[in-house]
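> below are the sequence and a predicted model for it; my questions follow.
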Amino acid sequence: MMMANDIRPEPTPKTRERLLDVKGLTIEIETRNGPATIVDGIDLHVDKGETLGIVGESGCGKSLTMLSMMRLLPNKIRVTKGEANFAGRDLQKMSNSDLRKVRGGEVGFIFQDPMTSLNPVMRIGQQLAEPLIYHRGMSKAEARKRSGELLKLVGIPGAEDRLDAYPHELSGGMRQRVMIAIGLACNPQLLIADEPTTALDVTIQAQIVDLVKDLRDKLGMSVVWITHDLALIAGLVDRINVLYAGTVVEDAPVDALFANPSHPYTQGLLASIPKLTDERSTRLSSIGGTPPEPGRRPTGCPFAPRCPLAESICHERVPSLEGVSQGGAHRVACFVAQRKLEAA
Amino acid sequence: MGAQPLMRIENLVKHFHVRLGAFGERAATVHALDDISFEILEGETLSLVGESGCGKSTTGFTLLNLHRATEGKVIYQGKNIVELDEKAMRPYRRQLQIVFQDPYSTLNPRMTVGEAVGEPILFHKLATKAELKDRIATLLADVGLPPRFASRYPHELSGGQRQRVAIARALACQPKFIVCDEAISALDVSVQAQIINLFLDLQQKYGLTYLFIAHDLAVVRHISDRVGVMYLGRLAELATREELFEHPLHPYTKALLSAVPEADPAHERSRKRQILQGDVPSPLSPPSGCRFHTRCPIAMEVCGKIVPDWREARPGHMVACHAVTEGLPG
């Protein structure tokens, strides 16, 4: 079954240690018409030292999955099933006080909009010192010294002088650097970056991507980078999970995903990015229709109503994530792709 | 291309007067646009790119006379339209349309799609009441929506569908020229491709001219005939899409292009980006001379003193840079 010529040999998987392991996580939202599923039994994992990209369009549940792990979900949205293990402990069952040690300590966060995540009436030095005092038990003086070092680490010019600045005195790019510094303050084992560059200009975006890449290599942490932009993370991540309507539809090493996308949705996403080699005004291939709304999920594969390859089985049953390459490092949830492989 | 200019922009300047300080005690001037000159050719797609605050949207607004120009001219059909008052402007308004980034905030939530699309038709008397229903159906078909959508409200539509309605509303006026101000930026990738295709189809069908304002260079490269690069209220470079993407001359254009990610992991890992240091300076007090000199990797002494001329460096390829003008490597 695994003899097809088009399957490239996978490098032998190193014995890796799971840092984060999410199993069967289901998230529901309370609506006027009762609960609706937003995230449907999602499985994902991050190994130690690995950088995972989570890609999907708005509303696919990529941010909620990460927030739910840290039990940071807003009212009316709750986890109904599943577990999220971090370094061997289930975050869903952990006591609040234990969880607070994880948040901002072992797991750092960077959010999309630093202006709403930073406290506007607190000097950035204080905001940086807060996790250091809370998690690391530093004195104020130690924390201030370390804050200055952190600002230097994220490339803020005149770092020490900036400690007394308020967020509004900094540009968007600088604010995002401060967010990164706060996220890194306690040397986290895992950094979760939720669309950290979406609000930034392209030249600043490049600066931030390169900065996170550098820091990751320097500090040896794992990173989860959530984005809707496949091209942006192409050079940054080791592995990509493509999300659609609250499920992982494809999980693959980054090169395999770009070279050999197997799910029709991934194929559609990649094809809709304009290429360097396109003639002007050639029609872009696009995916017809729009993603399903929560509460109106189709039975069967959630992508089936928009899928050019859908067959009758796709409308009836939900495909599970199965390996399509040797070693099972490249997995896809699609009946058509899985059958193609069996036939080959 | 040999196309005729549809619109000629001459030395356009736009300043905004603002009051700063907690009590507005300090008056200041935002130099949003400073001495911009270019032509828009009939039937082309001209894109303006640049980072936030560079003045690309202000350009779109000012040349439609939605912002009053501080100085300069916008010549359309032989008339300087930026000096016209609202009444004299009205016949031109029909021909010059704009589509915005967020269709949710531009569509009236209490108007059905049919009413929204029909309103400009009635206002400009482009159809009688009897013809209206058919005309609305035709317009909806043009943007790929079934006629039954006429009775829906904006909140019932997805982002892509709303943007289609906004486009139908612009088309209702039978315009010659549409400013697309970040018209696809808020859409998801798969839907974005649908709307780009729609813009391309409509251009072919109706011979439309677009001024496409965007920050996504991959999209701009895909749809434009010519591309202008703006930095802090000035044009840095303007050329055909092939020229600009293959032979960029201005150091800012080069940096901007090198920051664009490509969907190719091996290439992305190995590429050496030319990363600009620092941030865009404030348009409240833009740098003297060339406004890019504070971040320019090849800045010379003259760059901080004298504003570089807007010159043709190669046929049809305009650039404002001392280093290029002197033929230095750059």
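In hand now; what should we look at? The model shown is predicted, which means the values in this text are computed figures rather than measured ones.

> check A:Leu276 and give its pLDDT.
On pLDDT, A:Leu276 comes in at 66.

> for A:Pro9, same thing?
A:Pro9 is given a pLDDT of 42.

> try A:Ser286
Looking at A:Ser286, its pLDDT stands at 82.

> tally of neighbours for it?
20 (other Cβ atoms under 10 Å in any protein chain shown). Every C-beta, even on glycine, is put in place using the N, C-alpha and C of the backbone.

> wait, it sits on B:Leu198?
No. Between A:Ser286 and B:Leu198 there is no contact under Cβ atoms under 8 Å: 9.6 Å.

> which ones are touching the residue of the stretch 1-150 of chain B found nearest chain A?
Taking Cβ to the nearest Cβ, chain A has its nearest neighbour within the stretch 1-150 of chain B at B:Glu51, 3.8 Å off. B:Glu51 makes contacts with A:Asp201, A:Val202, A:Thr203, A:Ile204, B:His215, B:Tyr231, B:Leu256, B:Val280, as judged by Cβ atoms under 8 Å, 6 or more residues apart in numbering or on different chains.

> per-residue pLDDT, residue 169?
Let's take chain A. 87.

> not quite, go with chain B.
Note for B:Arg169: predicted pLDDT of 95.

> how far away is it from A:Ala199?
The spacing between B:Arg169 and A:Ala199, counted by Cβ to Cβ, to the nearest Å, is 28 Å.

> compare the two (neighbour count), which wins?
B:Arg169 (23 against 17).

> and the helix or strand hosting that one, does that touch chain A?
Using DSSP states H and E, B:Arg169 falls within helix B:159-171. Yes. Shown here: helix B:159-171 in contact with chain A (Cβ under 8 Å from any Cβ of the partner chain) through B:Gly160, B:Gln161.

> following element in sequence after that helix, please.
Counting by DSSP H and E, the next helix or strand C-terminal to helix B:159-171 is strand B:177-181.

> now the strands for chain B?
Secondary structure of chain B (DSSP state E): strands located at B:5-20, B:26-41, B:45-49, B:71-76, B:79-80, B:96-99, B:177-181, B:209-213, B:226-231, B:234-240, B:311-314, B:317-319.

> let's have those in CSV, adding mean pLDDT and mean neighbour count.
Below are the strands of chain B laid out as CSV (pLDDT from 0 to 100; neighbours: other Cβ atoms under 10 Å in any protein chain shown):
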stretch, mean pLDDT, mean neighbour count
strand B:5-20, 93, 16
strand B:26-41, 92, 18
strand B:45-49, 96, 26
strand B:71-76, 96, 19
strand B:79-80, 95, 14
strand B:96-99, 95, 23
strand B:177-181, 96, 24
strand B:209-213, 96, 25
strand B:226-231, 96, 25
strand B:234-240, 97, 26
strand B:311-314, 92, 14
strand B:317-319, 96, 22
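
> stretch B:271-284 near chain A anywhere?
Yes. Contact of stretch B:271-284 with chain A (Cβ under 8 Å from any Cβ) involves B:Arg271, B:Arg273, B:Ile275, B:Leu276, B:Gly278, B:Asp279, B:Val280.

> which of those sits closest to A:Gln127?
B:Asp279 (20.2 Å; Cβ to Cβ).

> so who does the nearest residue to B:Ile98 once chain neighbours are set aside touch?
Spatial nearest neighbour of B:Ile98, chain neighbours left out: B:Val179 (4.3 Å); criterion: Cβ to Cβ, 6 or more residues apart in numbering or on different chains. B:Val179 makes contact with B:Gly60, B:Leu63, B:Leu64, B:Leu96, B:Gln97, B:Ile98, B:Val99, B:Tyr210, B:Leu211, B:Ile213, according to Cβ under 8 Å, 6+ apart.

> do you know the pLDDT at A:Thr12?
A:Thr12 carries a pLDDT score of 43 in this model.

> likewise A:Pro319?
94.

> got the contact list for it?
Counting by Cβ under 8 Å, 6+ apart, A:Pro319 has contacts A:Cys301, A:Ala333, A:Cys334, A:Phe335, A:Gln338.

> now it: how far from chain B?
Using Cβ to the nearest Cβ, to the nearest Å, A:Pro319 is found at 20 Å from chain B.

> pretty sure A:Lys174 contacts A:Gly158?
Slight slip there: residue A:174 is Met, not Lys. No. Using Cβ under 8 Å, A:Met174 makes no contact with A:Gly158, being 10.7 Å away.

> between these two, which one's more packed in?
A:Met174 (23 against 10).

> low-confidence stretches in the stretch 201-330 of chain B?
In the predicted model, the stretch 201-330 of chain B carries pLDDT under 70 at residues B:328-330.

> quick check: the residue of it nearest chain A.
B:Glu268 (2.6 Å).

> what number of residues lie near that residue?
B:Glu268 has 20 nearby residues by other Cβ under 10 Å.

> which residues touch it?
With Cβ under 8 Å, 6+ apart, B:Glu268 has these contacts: A:Ala231, A:Ala234, A:Gly235, A:Leu236, B:Pro261, B:Glu262.

> check B:Ala299 too.
B:Cys290, B:Phe292, B:His293.

> what's the closest of the residues of stretch B:271-284 next to chain A to B:Leu46?
B:Val280 (22.6 Å).

> on that earlier part again, and the contacts of B:Glu268, which of them are in helices?
Cross-referencing these against helices under DSSP state H gives A:Ala231.

> how many other residues sit next to the closest residue in space to A:Leu232 that isn't next to it in sequence?
Once flanking residues are discounted, A:Leu232 sits nearest to B:Pro261: 4.8 Å by Cβ to Cβ, 6+ apart. B:Pro261 has 24 neighbours, counted by other Cβ under 10 Å.

> before we move on, what about the one 5 residues further on?
Taking other Cβ under 10 Å as the neighbour definition, B:Ala266 ends up with a count of 13.
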